[in-house]
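*Asks:* could you look at this predicted model? Sequence included:
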Amino acid sequence: MGVSSVSTVTATSPISFQDATELGYERARQTLRGISRIEVIGERANIDKGQIKDYEVELKIIFSLE
């Protein structure tokens, strides 16, 4: 039987929600071991002067505890 933990990460990209998701996952991989899945729990776009400035995602990072 395994035990998992969840960490919440917010990542931002000027390109897309997909890019923000990938950036968030790559950053989480630098410090968390045993990541088994990620869940996008929120998406937002920040607006500046009527234009989308950047895309932001909130991620749940699920990983196994050693």
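*Replies:* Received it, and whenever you're ready, just let me know what you need.

*Asks:* so where is this structure shaky, pLDDT-wise?
*Replies:* Along the chain, the parts satisfying pLDDT under 70 run over 1.

*Asks:* which parts of this protein are helices?
*Replies:* Ranges of helices in the chain, per DSSP state H, are 17-31.

*Asks:* would you state the strands of it in chain order?
*Replies:* Assigned by DSSP state E, the strands in the chain fall at 4-13, 35-48, 51-64.

*Asks:* closest one to Ala28 among those strands?
*Replies:* Ala28 lies closest to strand 51-64 among the strands of the chain, at 4.7 Å (CB to CB). Bear in mind the C-beta positions are built from the backbone N, C-alpha and C, glycine included.

*Asks:* determine the set of other helices and strands touching the closest one.
*Replies:* strand 4-13, helix 17-31, strand 35-48 (3 or more CB pairs under 8 Å, 6 or more residues apart in numbering; DSSP states H and E).

*Asks:* so the shortest one versus strand 51-64, what angle?
*Replies:* Comparing the axes of strand 4-13 and strand 51-64 via axes from the mean of the first three to the mean of the last three CA atoms, to 10 degrees yields an angle of 160 degrees.

*Asks:* buried ones in strand 4-13?
*Replies:* Within strand 4-13, the residues that count as buried by 16 or more other CB atoms under 10 Å are Val9, Ala11, Ser13.

*Asks:* if we can go back for a sec, indicate which one of the strands of the chain is closest to Gly24.
*Replies:* That would be strand 4-13 among the strands of the chain, by CB to CB, at 3.1 Å.
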